[in-house]
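Enquirer: compute the structure for the input listed below.
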Amino acid sequence: MAANINPTVRRRRLGAELRRLRMASGLKSAEVAERLMVSQPKISHLENGNRAISPRDVRDLCAVYAVTDQQVVEALMQMAKESGQQGWWHAYGDIPQSAYIALETDAASLHAYESMVIPALLQTPAYANAVIEKAIPQLTAEQTGMRLKVLRRRQHRICAPDCPLRLSVVVDESALRRVVGGPEVMREQLQHLNALGTEPHVTVQVLPHTVGAHPCLSGQFSILKFAENPGAVVYLERFSNDLYLKKPSDVQHYSVMFEYLQALALSPDNSHSFITDVTKVYIDTASRR
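Expert: Here you go, the predicted model:
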(Lines give C-alpha, C1' and ligand atoms only; values in the text may rest on other atoms or scores of the structure.)
Protein backbone atom coordinates (compact mmCIF):
# COMPACT_ATOMS: atom_id res chain seq x y z
CA MET A 1 0.00 0.00 0.00
CA ALA A 2 2.77 2.44 0.84
CA ALA A 3 4.17 2.27 -2.66
CA ASN A 4 0.81 3.31 -4.10
CA ILE A 5 0.23 6.29 -1.85
CA ASN A 6 -0.96 9.22 -3.90
CA PRO A 7 1.64 12.04 -3.99
CA THR A 8 -1.28 14.41 -3.42
CA VAL A 9 -1.85 12.61 -0.12
CA ARG A 10 1.75 13.30 0.85
CA ARG A 11 1.43 16.96 -0.10
CA ARG A 12 -1.74 17.34 1.95
CA ARG A 13 -0.20 15.61 4.97
CA LEU A 14 2.98 17.64 4.66
CA GLY A 15 1.04 20.87 4.23
CA ALA A 16 -1.07 20.15 7.30
CA GLU A 17 2.08 19.50 9.34
CA LEU A 18 3.74 22.69 8.12
CA ARG A 19 0.61 24.65 9.03
CA ARG A 20 0.68 23.11 12.50
CA LEU A 21 4.33 24.09 12.94
CA ARG A 22 3.67 27.63 11.75
CA MET A 23 0.76 28.09 14.13
CA ALA A 24 2.82 26.65 16.99
CA SER A 25 5.49 29.25 16.24
CA GLY A 26 2.93 32.03 16.49
CA LEU A 27 3.67 33.33 12.99
CA LYS A 28 1.14 34.38 10.39
CA SER A 29 1.57 33.21 6.80
CA ALA A 30 2.30 36.77 5.67
CA GLU A 31 5.13 37.02 8.20
CA VAL A 32 6.62 33.74 7.00
CA ALA A 33 6.40 34.89 3.39
CA GLU A 34 8.19 38.12 4.26
CA ARG A 35 11.03 36.30 6.03
CA LEU A 36 11.55 33.92 3.12
CA MET A 37 11.00 36.65 0.53
CA VAL A 38 8.21 34.75 -1.23
CA SER A 39 4.56 35.55 -1.83
CA GLN A 40 1.96 34.89 0.85
CA PRO A 41 -0.17 32.83 -1.61
CA LYS A 42 2.80 30.46 -2.01
CA ILE A 43 2.74 29.69 1.72
CA SER A 44 -1.02 29.11 1.57
CA HIS A 45 -0.69 26.81 -1.46
CA LEU A 46 2.01 24.76 0.27
CA GLU A 47 -0.06 24.38 3.44
CA ASN A 48 -3.15 23.37 1.46
CA GLY A 49 -1.23 20.78 -0.56
CA ASN A 50 -2.09 22.53 -3.81
CA ARG A 51 1.45 22.50 -5.14
CA ALA A 52 4.60 20.46 -4.81
CA ILE A 53 7.13 21.57 -2.21
CA SER A 54 10.86 21.05 -2.44
CA PRO A 55 12.96 19.63 0.40
CA ARG A 56 14.81 22.95 0.44
CA ASP A 57 11.55 24.83 1.07
CA VAL A 58 10.81 22.46 3.94
CA ARG A 59 14.25 23.05 5.42
CA ASP A 60 13.82 26.82 5.19
CA LEU A 61 10.36 26.72 6.74
CA CYS A 62 11.57 24.53 9.60
CA ALA A 63 14.33 27.06 10.26
CA VAL A 64 11.79 29.89 10.42
CA TYR A 65 9.61 27.83 12.75
CA ALA A 66 12.62 27.04 14.98
CA VAL A 67 12.28 23.28 14.58
CA THR A 68 15.42 21.94 16.25
CA ASP A 69 14.75 18.20 16.07
CA GLN A 70 16.79 17.12 13.04
CA GLN A 71 14.87 13.84 12.73
CA VAL A 72 11.63 15.78 12.31
CA VAL A 73 13.22 18.04 9.70
CA GLU A 74 14.61 15.08 7.76
CA ALA A 75 11.28 13.25 7.90
CA LEU A 76 9.47 16.28 6.50
CA MET A 77 12.09 16.73 3.79
CA GLN A 78 11.63 13.08 2.81
CA MET A 79 7.86 13.64 2.54
CA ALA A 80 8.58 16.62 0.29
CA LYS A 81 10.81 14.49 -1.92
CA GLU A 82 8.16 11.77 -2.20
CA SER A 83 5.42 14.34 -2.88
CA GLY A 84 7.20 15.23 -6.10
CA GLN A 85 6.63 11.75 -7.46
CA GLN A 86 3.83 11.27 -9.95
CA GLY A 87 0.56 9.47 -9.28
CA TRP A 88 -0.44 6.28 -11.10
CA TRP A 89 -2.62 8.21 -13.56
CA HIS A 90 0.39 10.02 -15.07
CA ALA A 91 1.42 6.74 -16.69
CA TYR A 92 -1.59 7.16 -19.01
CA GLY A 93 -0.39 10.48 -20.41
CA ASP A 94 -2.28 13.75 -20.47
CA ILE A 95 -5.69 12.64 -19.25
CA PRO A 96 -8.66 14.84 -18.31
CA GLN A 97 -9.75 15.27 -14.69
CA SER A 98 -6.28 14.43 -13.36
CA ALA A 99 -6.77 16.92 -10.51
CA TYR A 100 -10.03 15.22 -9.55
CA ILE A 101 -8.52 11.74 -9.81
CA ALA A 102 -5.80 12.82 -7.37
CA LEU A 103 -8.47 13.88 -4.85
CA GLU A 104 -10.54 10.75 -5.45
CA THR A 105 -7.50 8.56 -4.85
CA ASP A 106 -6.92 10.41 -1.58
CA ALA A 107 -10.53 10.39 -0.40
CA ALA A 108 -11.85 8.16 2.36
CA SER A 109 -15.48 8.73 1.39
CA LEU A 110 -17.41 10.10 -1.55
CA HIS A 111 -20.98 11.43 -1.65
CA ALA A 112 -22.28 12.02 -5.16
CA TYR A 113 -25.46 13.02 -6.94
CA GLU A 114 -25.89 12.19 -10.63
CA SER A 115 -28.84 13.39 -12.65
CA MET A 116 -28.17 12.11 -16.17
CA VAL A 117 -25.84 9.08 -16.10
CA ILE A 118 -24.80 6.30 -13.76
CA PRO A 119 -21.90 7.50 -11.55
CA ALA A 120 -18.56 6.75 -13.21
CA LEU A 121 -17.24 4.54 -10.40
CA LEU A 122 -20.31 2.30 -10.78
CA GLN A 123 -20.29 2.01 -14.59
CA THR A 124 -19.76 -1.22 -16.50
CA PRO A 125 -17.17 -1.17 -19.32
CA ALA A 126 -19.87 -1.33 -22.01
CA TYR A 127 -21.89 1.48 -20.48
CA ALA A 128 -18.81 3.64 -19.92
CA ASN A 129 -17.67 3.06 -23.50
CA ALA A 130 -21.07 4.16 -24.82
CA VAL A 131 -21.04 7.29 -22.63
CA ILE A 132 -17.56 8.30 -23.77
CA GLU A 133 -18.21 7.64 -27.47
CA LYS A 134 -21.44 9.65 -27.53
CA ALA A 135 -20.41 12.43 -25.16
CA ILE A 136 -17.07 13.09 -26.92
CA PRO A 137 -17.49 11.81 -30.50
CA GLN A 138 -14.24 13.42 -31.70
CA LEU A 139 -12.11 10.98 -29.68
CA THR A 140 -10.14 8.31 -31.49
CA ALA A 141 -10.56 4.64 -30.58
CA GLU A 142 -7.18 4.78 -28.85
CA GLN A 143 -8.18 7.80 -26.75
CA THR A 144 -11.46 6.15 -25.80
CA GLY A 145 -9.62 2.99 -24.80
CA MET A 146 -7.21 5.00 -22.64
CA ARG A 147 -10.08 6.69 -20.80
CA LEU A 148 -11.67 3.32 -20.14
CA LYS A 149 -8.40 1.97 -18.71
CA VAL A 150 -8.15 4.97 -16.38
CA LEU A 151 -11.75 4.51 -15.27
CA ARG A 152 -11.18 0.83 -14.52
CA ARG A 153 -8.15 1.75 -12.43
CA ARG A 154 -10.22 4.33 -10.53
CA GLN A 155 -12.87 1.71 -9.86
CA HIS A 156 -10.34 -0.45 -8.00
CA ARG A 157 -10.91 1.77 -4.96
CA ILE A 158 -14.40 0.35 -4.50
CA CYS A 159 -13.18 -3.17 -3.89
CA ALA A 160 -9.74 -2.43 -2.42
CA PRO A 161 -9.38 -4.93 0.44
CA ASP A 162 -7.34 -2.60 2.67
CA CYS A 163 -9.06 0.75 2.12
CA PRO A 164 -12.33 0.55 0.14
CA LEU A 165 -13.86 3.91 -0.71
CA ARG A 166 -17.02 4.59 1.30
CA LEU A 167 -19.42 5.54 -1.45
CA SER A 168 -22.90 7.02 -1.10
CA VAL A 169 -24.72 8.01 -4.29
CA VAL A 170 -28.13 9.41 -5.17
CA VAL A 171 -29.03 8.67 -8.79
CA ASP A 172 -31.88 10.43 -10.54
CA GLU A 173 -34.43 8.17 -12.21
CA SER A 174 -33.51 9.83 -15.52
CA ALA A 175 -30.15 8.05 -15.42
CA LEU A 176 -31.94 4.70 -15.18
CA ARG A 177 -34.38 5.51 -17.98
CA ARG A 178 -31.85 7.02 -20.40
CA VAL A 179 -30.94 4.22 -22.81
CA VAL A 180 -27.16 4.29 -23.16
CA GLY A 181 -25.70 1.67 -25.50
CA GLY A 182 -28.98 -0.20 -25.94
CA PRO A 183 -31.27 -2.35 -23.76
CA GLU A 184 -28.73 -5.12 -23.19
CA VAL A 185 -26.07 -2.67 -22.01
CA MET A 186 -28.63 -1.05 -19.70
CA ARG A 187 -29.70 -4.43 -18.31
CA GLU A 188 -26.11 -5.31 -17.48
CA GLN A 189 -25.47 -1.85 -16.05
CA LEU A 190 -28.47 -1.80 -13.74
CA GLN A 191 -27.80 -5.32 -12.50
CA HIS A 192 -24.23 -4.26 -11.78
CA LEU A 193 -25.51 -1.16 -9.96
CA ASN A 194 -27.77 -3.28 -7.77
CA ALA A 195 -24.97 -5.75 -7.04
CA LEU A 196 -22.61 -2.99 -5.89
CA GLY A 197 -25.40 -1.50 -3.80
CA THR A 198 -25.34 -4.59 -1.60
CA GLU A 199 -21.73 -3.96 -0.57
CA PRO A 200 -21.56 -2.72 3.05
CA HIS A 201 -19.56 0.39 2.12
CA VAL A 202 -21.70 1.35 -0.90
CA THR A 203 -25.12 3.01 -0.64
CA VAL A 204 -27.25 3.53 -3.74
CA GLN A 205 -30.48 5.54 -3.64
CA VAL A 206 -32.80 6.45 -6.50
CA LEU A 207 -34.42 9.86 -6.72
CA PRO A 208 -37.70 9.15 -8.56
CA HIS A 209 -39.35 11.59 -10.94
CA THR A 210 -42.33 11.75 -8.63
CA VAL A 211 -40.44 13.97 -6.16
CA GLY A 212 -40.78 16.79 -8.69
CA ALA A 213 -38.55 19.85 -8.45
CA HIS A 214 -35.62 19.84 -6.04
CA PRO A 215 -32.52 22.00 -5.33
CA CYS A 216 -30.20 20.01 -7.60
CA LEU A 217 -32.03 20.10 -10.90
CA SER A 218 -29.05 21.96 -12.37
CA GLY A 219 -26.81 18.89 -12.33
CA GLN A 220 -24.35 16.62 -10.58
CA PHE A 221 -21.91 17.23 -7.75
CA SER A 222 -19.56 15.21 -5.57
CA ILE A 223 -18.28 15.76 -2.04
CA LEU A 224 -14.91 14.21 -1.22
CA LYS A 225 -13.84 13.75 2.38
CA PHE A 226 -10.42 12.68 3.62
CA ALA A 227 -9.31 10.51 6.51
CA GLU A 228 -6.32 12.55 7.69
CA ASN A 229 -7.44 16.04 6.79
CA PRO A 230 -10.63 17.65 8.13
CA GLY A 231 -11.13 19.63 4.95
CA ALA A 232 -13.54 18.42 2.27
CA VAL A 233 -13.83 19.32 -1.42
CA VAL A 234 -16.94 19.78 -3.57
CA TYR A 235 -16.37 18.80 -7.19
CA LEU A 236 -18.56 20.21 -9.96
CA GLU A 237 -17.90 18.61 -13.33
CA ARG A 238 -18.27 20.95 -16.31
CA PHE A 239 -17.70 20.55 -20.04
CA SER A 240 -14.58 22.63 -19.48
CA ASN A 241 -12.96 24.20 -16.41
CA ASP A 242 -14.22 21.89 -13.66
CA LEU A 243 -14.84 23.60 -10.32
CA TYR A 244 -13.37 22.66 -6.93
CA LEU A 245 -14.99 24.32 -3.90
CA LYS A 246 -13.10 24.18 -0.60
CA LYS A 247 -14.63 26.96 1.47
CA PRO A 248 -16.33 25.47 4.55
CA SER A 249 -19.51 27.39 3.74
CA ASP A 250 -19.66 25.87 0.24
CA VAL A 251 -18.97 22.37 1.55
CA GLN A 252 -21.67 22.81 4.19
CA HIS A 253 -24.15 24.05 1.56
CA TYR A 254 -23.66 21.02 -0.67
CA SER A 255 -23.59 18.64 2.30
CA VAL A 256 -27.00 19.92 3.39
CA MET A 257 -28.30 19.54 -0.18
CA PHE A 258 -27.03 15.96 -0.36
CA GLU A 259 -28.73 15.10 2.94
CA TYR A 260 -31.92 16.64 1.56
CA LEU A 261 -31.66 14.50 -1.59
CA GLN A 262 -31.10 11.40 0.53
CA ALA A 263 -34.28 12.20 2.45
CA LEU A 264 -36.23 12.66 -0.79
CA ALA A 265 -34.83 9.54 -2.44
CA LEU A 266 -36.06 6.01 -2.01
CA SER A 267 -34.46 3.96 0.74
CA PRO A 268 -31.59 1.68 -0.35
CA ASP A 269 -33.90 -1.38 -0.20
CA ASN A 270 -36.68 0.33 -2.15
CA SER A 271 -34.10 1.67 -4.60
CA HIS A 272 -32.87 -1.88 -5.19
CA SER A 273 -36.42 -2.96 -5.99
CA PHE A 274 -36.97 0.07 -8.22
CA ILE A 275 -33.79 -0.65 -10.20
CA THR A 276 -34.84 -4.30 -10.53
CA ASP A 277 -38.18 -3.23 -12.01
CA VAL A 278 -36.51 -0.92 -14.53
CA THR A 279 -34.06 -3.71 -15.41
CA LYS A 280 -36.98 -5.99 -16.30
CA VAL A 281 -38.12 -3.43 -18.85
CA TYR A 282 -34.75 -3.63 -20.59
CA ILE A 283 -34.77 -7.42 -20.44
CA ASP A 284 -38.21 -7.48 -22.10
CA THR A 285 -37.10 -4.98 -24.74
CA ALA A 286 -33.98 -6.95 -25.55
CA SER A 287 -35.89 -10.23 -25.80
CA ARG A 288 -38.28 -8.75 -28.38
CA ARG A 289 -35.44 -7.74 -30.69
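
Enquirer: what's next to the one helix or strand His253 maps to, contact-wise?
Expert: Secondary-structure element containing His253, defined by DSSP states H and E: helix 248-264. Under the contact criterion CB atoms under 8 Å, 6 or more residues apart in numbering, helix 248-264 has outside partners 111, 113, 168, 170, 205, 207, 211, 214-216, 221, 223, 232-234, 245. For glycine as for every other residue, the C-beta is placed from the backbone atoms N, C-alpha and C.

Enquirer: and stretch 67-76, by the same measure?
Expert: Contacts of stretch 67-76 from elsewhere in the structure, counted by CB under 8 Å, 6+ apart, are Leu14, Glu17, Leu18, Leu21, Val58, Arg59, Cys62.

Enquirer: ok, back up a step: which parts of the helix holding His253 are buried?
Expert: Of the residues in helix 248-264, those scored as buried under the neighbour-count criterion (16 or more other CB atoms under 10 Å) are Asp250, Val251, Tyr254, Met257, Phe258, Leu261, Gln262, Leu264.

Enquirer: which of the three states applies to the most centrally placed residue in the chain?
Expert: In the chain, the centroid-proximal residue (CA atoms, centre = their mean) is Glu104; its distance is 3.1 Å. Secondary structure for Glu104, judged by DSSP: H, G, I helix; E, B strand; the rest coil, is helix.

Enquirer: is it true that it touches Leu110?
Expert: Yes. Using CB atoms under 8 Å, Glu104 makes contact with Leu110 at a distance of 7.0 Å.

Enquirer: hey, what's in contact with both of the two?
Expert: Taking CB under 8 Å, 6+ apart as the criterion, Glu104 and Leu110 both touch Leu165, Leu224.

Enquirer: quick one: the strands in the stretch 101-250 of the chain, in order.
Expert: Along the stretch 101-250 of the chain, the segments classed as strands by DSSP state E, counting those that start in this stretch run 109-114, 166-172, 202-207, 221-225, 232-236, 243-245.

Enquirer: ok, which of those strands comes nearest Asp284?
Expert: Checking the strands of the stretch 101-250 of the chain against Asp284 by CB to CB gives strand 202-207 as the closest, at 19.7 Å.

Enquirer: for the record, mean pLDDT for the closest one?
Expert: Mean pLDDT, taken over the full extent of strand 202-207, equals 97.

Enquirer: who touches that strand?
Expert: Under the contact criterion CB under 8 Å, 6+ apart, strand 202-207 has outside partners 113, 122, 158, 167-173, 176, 193-194, 196-197, 214, 261-262, 264-268, 270-272, 274-275.

Enquirer: got a PyMOL select line for the buried ones in those residues?
Expert: Buried members of the contacts of strand 202-207, identified by 16+ other CB under 10 Å, are gathered into one PyMOL selection as follows:
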select buried, resi 113+122+158+167+168+169+170+171+172+173+176+193+194+196+197+261+262+264+265+266+268+271+272+274+275
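
Enquirer: burial check on the nearest residue to Arg11 once chain neighbours are set aside, number of neighbours?
Expert: Leaving out its chain neighbours, the residue that sits closest to Arg11 by CB to CB, 6 or more residues apart in numbering is Gly49, at 3.9 Å. Burial of Gly49, expressed as a neighbour count using other CB atoms under 10 Å, amounts to 25.

Enquirer: tell me the spacing between Gly49 and Pro137.
Expert: Using CB to CB, to the nearest Å, Gly49 is found at 36 Å from Pro137.

Enquirer: likewise for Glu184?
Expert: Using CB to CB, which is the criterion applied here, Glu184 is 22 Å from Pro137.

Enquirer: which one of the two is surrounded by more residues?
Expert: Glu184 (15 against 8).

Enquirer: how about the nearest residue to the more buried one, chain neighbours excluded?
Expert: Closest residue to Glu184 apart from its sequence neighbours, by CB to CB, 6+ apart: Ala286 at 4.9 Å.

Enquirer: what helix or strand is the one you found on?
Expert: Taking DSSP H and E as the definition, Ala286 sits inside helix 268-287.

Enquirer: residue contacts, Arg35?
Expert: Neighbouring residues of Arg35 by CB under 8 Å, 6+ apart: Val64.

Enquirer: helix, strand or coil for it?
Expert: Secondary structure state of Arg35, per three-state DSSP, is helix.

Enquirer: quick one: low-confidence ranges for the chain?
Expert: Scanning the chain for pLDDT under 70 picks out the ranges 1-10, 83-90, 228-230, 239-240, 289.

Enquirer: how about 50 then?
Expert: Low-confidence regions of the chain, defined here as pLDDT under 50, cover residues 1-7.

Enquirer: would you list every one of the helices in it?
Expert: When assigned using DSSP state H, the helices of the chain occupy the ranges 7-25, 29-36, 40-48, 55-64, 70-83, 98-106, 125-135, 141-159, 173-177, 183-197, 248-264, 268-287.
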